[in-house]
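Chemist: coordinates only, sequence not included:
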């Protein structure tokens with residue numbers, strides 16, 4: 001499966017060493033929606049991602065890719081330290097100028 005570069009980075013980045021690389025694929029005004037909270041801008045997104053990785057020690061393996069409503073939708077098997085692991089979750093990404101502008105998942 002050929003994921004767009006920023007989305008590929010989102011799924012392959014490893015914590016904590018790739019925190020800056022992950023932040024770099026997000027637009028300056030990007031928003032990540034996760035577990036009822038919004039994280040705005042690359043630094044806040046990096047901080048959220050590092051905290052989530054430390055808490056859940058999870059990784060996601062993409063299993064399919066689709067386009068819907070101008071967004072890129074990726075289903076992935078997520079495995080980590082959380083109830084129900086592993087789980088198949090859906091991640092939705094908005095992209096502009098080779099940067100992630102919005103992410104739900």
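Modeler: Received it, and whenever you're ready, just let me know what you need. Quick caveat, the model's predicted, so the values are computed rather than measured.

Chemist: Please go through this protein and pick out the longest helix.
Modeler: For the chain, the helix with the greatest residue count under DSSP state H is helix 41-56.

Chemist: Contact partners for the residue nearest to residue 67 when sequence neighbours are not counted?
Modeler: Once flanking residues are discounted, residue 67 sits nearest to residue 73: 7.1 Å by C-beta to C-beta, 6 or more residues apart in numbering. For glycine as for every other residue, the C-beta is placed from the backbone atoms N, C-alpha and C. By C-beta atoms under 8 Å, 6 or more residues apart in numbering, the contact set of residue 73 is 65-67, 90-93.

Chemist: Could you identify the helix or strand that succeeds the longest helix of the chain?
Modeler: Scanning forward in sequence from helix 41-56 by DSSP states H and E, the next helix or strand is strand 59-68.

Chemist: which one of the contacts of residue 73 sits closest to residue 38?
Modeler: Ranked by distance to residue 38 (C-beta to C-beta), the contacts of residue 73 are led by residue 92 at 14.2 Å.

Chemist: can you pull the buried residues of the host helix or strand of residue 100?
Modeler: Residue 100 belongs to strand 99-104 when assigned by DSSP H and E. Under the neighbour-count criterion of 16 or more other C-beta atoms under 10 Å, strand 99-104 has 99-103 buried.

Chemist: export those to a markdown table and tack on distance to residue 44 and pLDDT?
Modeler: Below are these laid out as a markdown table (distance: C-beta to C-beta, whole Å; pLDDT from 0 to 100):
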| residue | distance to residue 44 | pLDDT |
| --- | --- | --- |
| 99 | 15 | 98 |
| 100 | 13 | 98 |
| 101 | 14 | 98 |
| 102 | 14 | 94 |
| 103 | 12 | 93 |
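
Chemist: Can you tell me which of these comes closest to residue 86?
Modeler: Nearest to residue 86, judged by C-beta to C-beta, of the buried residues of strand 99-104 is residue 103 at 20.3 Å.

Chemist: Check what pLDDT the closest residue to the closest one other than its chain neighbours gets.
Modeler: Nearest non-adjacent residue to residue 103, counting by C-beta to C-beta, 6+ apart: residue 32, 4.6 Å away. Each residue has a pLDDT score; the one for residue 32 is 98.
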